[in-house]
Structure formats: C-alpha cells, structure tokens
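> turn this into a model:
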Amino acid sequence: MKKYNFGAGPSILPQEVMKATADACVEFQGMGLSLMEISHRTKEFQAVIDEAQALFKELLGIPEGYSVLFLGGGASTQFCMVPFNLLEKKAAYLNTGVWAKKALKEAKLFGEVVEVASSADANYTFIPKDYDIPADADYFHITTNNTIYGTELRRDLDSPVPLVADMSSDIFSRPLDVAKYGLIYGGAQKNLSMAGVTFVIVKEELLGKVSRPIPTMLDYRTHVDKGSMFNTPPVVPIYCALQNLKWIKAQGGVEEMERRAKARAELLYGEIDRNKLFCGTAKEEDRSLMNICFVMKEEYKELEAEFQQYAAAAGMQGIKGHRSVGGFRASCYNAMSIEGVQALVNCMKEFEAKH
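Numbers count the residues shown, from 1 in each chain. Reported below is the predicted structural model:
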C-alpha cells in the first residue's frame, strides 16, 4: 500500500532528493569517502555551499546587497538572533500563532516590543489586517505561515521599517519580492531540506547598527564574512537543500510550486467544504496552502478517532491535528503530489458514505 506523508515537519521530500542525499552519504563524488566524513574545507564541499547559495538567490530573485546563510540552531535560535542583531530601541511584532508568540517573547529580552495586533483571542483562526506599524521601530516581524493553526499570509507587505519574516514552512512555495524584506529566516525541515539547517536571507546594510556587543556565533556579520563557513556547517542538510533547490528549478521554479500549491489546496478545501462530516478551522480568506486544518463538525465529533484510524489504514500518514486545534492537519508542502491529496479526498468521501 502506498503511503502519503502529510506530516507537518520534518516532512515530505521528493524521492530523488532523498536518494541523491543518501547516495552522497555512502560515497561523495567519487572521493571514496562519505559526505558525512569529508572536511567542510574541501573544494568539493565548498562547491556545494556555493551552488546552494547561488540557486537560492536565483530561484527567489534575491537582489544585490543580500547574503544567504546556512546556520544551525533552527528557527527558534533566530528568535533571539534577530533582536540581538537588529533591536536597538523598539521592535514591532504581529502575533499570529505559537511561533510568532515565541519570537515576540524572546525579543522582549533585548528591548521594547510592541505587539501591533493579535488573533490569540480567536485561537489564531485569522491573520489580523487593521493595525499600525510604529514608524520608529527598528523592524517589524511577521510569521508568514502558521503551521499549527492553518493560516497564511501570502503577500509581501509594505512596511515603513525593515520587514523581518519567519518563512519556515512556506519558503519556495511562491514568488517573493525579497527587496521588501530586511531579513527572512526559517528552519529547513518543511519545504527546503531535512532537519538540521536554518536559512537566513539578510540585507547586509542592516547589520552592525546596534550598540550592544554580540557573541561571535550570534552575530550575522560573522557568517556573512565567512560565507556560512566560520565553523563546521551542517553539511548533509545543506547538501540535501541543494538537491531540493535543483529539483524546484527543474520542476519550473517557485511559480510552478505556487501553481501546484493552489491546485492541492483547491482540491482539499473543496472537499472539506462539501463533505457533510468536516469543516475547516481557519477563516477562509486566510487559509494556508501549506497546512490545511479541519475538524469534524460538532454533531460528528465522536467520529474523529475513527476517521484517524481509517485514514491511517488507507495510507494517510501524519494527519493528526495539533492539540491546540484538534482534528486533522494535512501538510501539503512542495513535494506533496496532487495524487496524494486526491487519495485523502477519496478517503474522506468513503468515510462520509460509510456514515
């Protein structure tokens, strides 16, 4: 039986990306050594990181004056690195979910933080729209996709101050106007690579402006100056990211990724809205294309555990919803096929007919 991976992360990767990475872990480029055991200072690995950075810039159309970094520590470390490097007096944050709230909490360690708006009172079922960004803030922080709650901001905002975005779970799912951002970061284990590497796109002119001393490893300038090679980088996840970037380009780039994302979402949300048993949890105008959350309608709540088992038996893996929302969550990242979504839709129709 074929299985479909709807897990929220670490998540699905293209088969050819996983195979190429696995092969390199056995023997890398005819060196007689594994990628896992060669020095990161070899010309062979330097070529890997150079190509990965170049493809990153090419696929997203990153303009001059920005650096692409591959770091450790996950997006959670960026919650402190961003204010460490950018917050001098005040920062503004949009609170749209658990990860946005965590980022906001970390920033408070470094200075004044203004929460410009929040949808917490509605269990983060929508993205706030009407708010003012303080013109005297050092930066404005947003989380573009909220994996737990299934909401997403799929447009590039105009901000009077440098815009900082956590794009952990929707990077490379649509074209970006990177020039509108001062810094973009994210964990790679959802839409870019395996777990273990964090990406940062940073506008270099924003750095070096704060008065506080910054520890060497937490200073973006350290990694800009050394091309992400100040210390041993996560070599295997970077190689995996390179293979995925090649795959995205071969498929038609971020424009094609966006087309596929919309097709998957239209199919699954269409069934959620049609099916007598299910309903969506996020406001329709803010529904995520990456993490599609839904629950049983109130009168069918007692069927949730049964559907979970039914779906798993049919090969649907990782669809259990986060405890904050309950129900189900189908994560439809770039590598998810329309076939996989159709299989889930068929499962939902069969379960409806059964009941």
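
> quick one: the helices in the stretch 151-300 of the chain?
220-225, 235-251, 253-274 (DSSP state H, counting those that start in this stretch).

> thought residue 335 was touching residue 13, still the case?
Yes - if you go by CB atoms under 8 Å, residue 13 and residue 335 touch, sitting 5.4 Å apart. Placement of C-beta: from N, CA and C, glycine included.

> can you tell me which of the helices of the stretch 151-300 of the chain is nearest to residue 158?
For these, the distance to residue 158 is smallest for helix 253-274, at 20.5 Å, taking CB to CB.

> buried ones in that closest one?
By 16 or more other CB atoms under 10 Å, the buried positions in helix 253-274 come out as 253-254, 257-258, 260-261, 264-265, 267-269, 271-272.

> got it, and stretch 113-128?
Those would be 113-114, 116-119, 124-128, for stretch 113-128 by 16+ other CB under 10 Å.

> which residues sit against it?
Residues from elsewhere that reach stretch 113-128 (CB atoms under 8 Å, 6 or more residues apart in numbering): 90-98, 101, 104, 107, 130-134, 137, 140, 146, 148-149, 151-153, 281-283, 285-286, 324-325.

> can you map out the strands along the chain?
4-5, 66-71, 90-95, 112-118, 140-143, 145-146, 151-152, 163-166, 183-187, 198-203, 278-280, 291-296, 316-317, 328-331 (DSSP state E).

> what lines up beside the first one in the sheet?
Based on DSSP bridges, the strands next to strand 4-5 in the sheet, each with its direction, are strand 316-317 (parallel).

> the fifth one now?
When sheet partners are counted by DSSP bridges, strand 140-143 sits next to strand 90-95 (parallel), strand 163-166 (parallel).

> what's the most buried one of the ones you listed?
Mean neighbour count (mean count of other CB atoms under 10 Å) peaks for strand 163-166 among those, with a mean of 25.

> how far off centre is that one?
12 Å (CA atoms, centre = their mean, to the nearest Å).

> what does it contact?
75, 78, 82, 86, 99-100, 103, 139-144, 157, 180-186.

> can you rerun that using 7 Å?
By CB atoms under 7 Å, 6 or more residues apart in numbering, the surrounding residues in contact with strand 163-166 are 75, 82, 99, 103, 139-144, 157, 180-186.

> could I have the buried ones of those as PyMOL selection syntax?
Restricted to buried positions by 16+ other CB under 10 Å, the PyMOL selection for these reads:
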select buried, resi 75+82+99+103+139+140+141+142+143+144+181+182+183+184+185+186
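
> re earlier: including mean pLDDT, could the helices of the stretch 151-300 of the chain go into CSV?
Formatted as CSV, those follow (pLDDT from 0 to 100):
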stretch, mean pLDDT
helix 220-225, 98
helix 235-251, 98
helix 253-274, 98
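
> out of those helices, flag the one nearest residue 27.
Using CB to CB as the measure, helix 235-251 is the one of the helices of the stretch 151-300 of the chain that comes nearest residue 27, at 12.9 Å.

> show the contacting residues for the most centrally placed residue in the chain.
By CA atoms, centre = their mean, the chain has its centre lying nearest to residue 169, at 1.7 Å. If you count contacts by CB under 7 Å, 6+ apart, residue 169 has them with 9, 145, 147, 190-191, 290-291.
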